[in-house]
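Participant: Sequence and predicted structure are below.
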Amino acid sequence: MKATLLIVTLGGILLLAVVGAVWLTLDIGDVRMSTMGVVALIGGGVLSLAVGGGLMALVFFSARRGYDDIDR
C-alpha cells in the first residue's frame, strides 16, 4: 500500500511538472535566443552534469576507500 501511494504521489508531481512546463512554454510565445545564449545554455548544462558526476565519483571513491568510516 505504501509503495502504491508513493508511486501515485510521485507520478502526480511529475505530471504536474510536465503540464506546467508545457503550459509555460506555449504561453511565452515567439521568443528567440541568440547563438551565444544557446551556447551558454548548453555549456551550463554540460558543466552542471560534469560537476555533479565528479562529486558523485568522489563520494563513491571516499566510501570505497573507507574515508567515511567512523573510528570510535
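Facilitator: Alright, I've got the coordinates. Numbers count the residues shown, from 1 in each chain.
Participant: CA only for contacts and neighbour counts going forward, please
Facilitator: OK.
Participant: pLDDT score for the most centrally placed residue in the chain?
Facilitator: Nearest residue to the geometric centre of the chain (C-alpha atoms, centre = their mean): Leu49, 8.6 Å. Note on Leu49: pLDDT of 97.
Participant: which stretch of helix or strand covers it?
Facilitator: Leu49 belongs to helix 35-65 when assigned by DSSP states H and E.
Participant: And Asp30, by the same measure?
Facilitator: Short version: Asp30 belongs to no helix or strand, going by DSSP H and E.
Participant: I'd like to know how far it sits from Ser62.
Facilitator: Using C-alpha to C-alpha, to the nearest Å, one gets 48 Å for the distance from Asp30 to Ser62.
Participant: Give me the more crowded residue out of the two.
Facilitator: A side-by-side neighbour count of Asp30 and Ser62, using other C-alpha atoms under 10 Å, places Ser62 first with 13 against 7.
Participant: my guess is that one meets Asp68, correct?
Facilitator: Yes: here Ser62 lies in contact with Asp68, judged by C-alpha atoms under 8 Å, at a distance of 6.4 Å.
Participant: Poorly predicted segments of the protein, please.
Facilitator: 71-72 (pLDDT under 70).
Participant: domain ranges for it?
Facilitator: According to automatic domain parsing, the chain comprises the domains 1-31, 32-72.
Participant: Tell me the buried residues in the shortest one?
Facilitator: If I follow you right, that is domain 1-31. Residues of domain 1-31 classed as buried by neighbour count (16 or more other C-alpha atoms under 10 Å): none.
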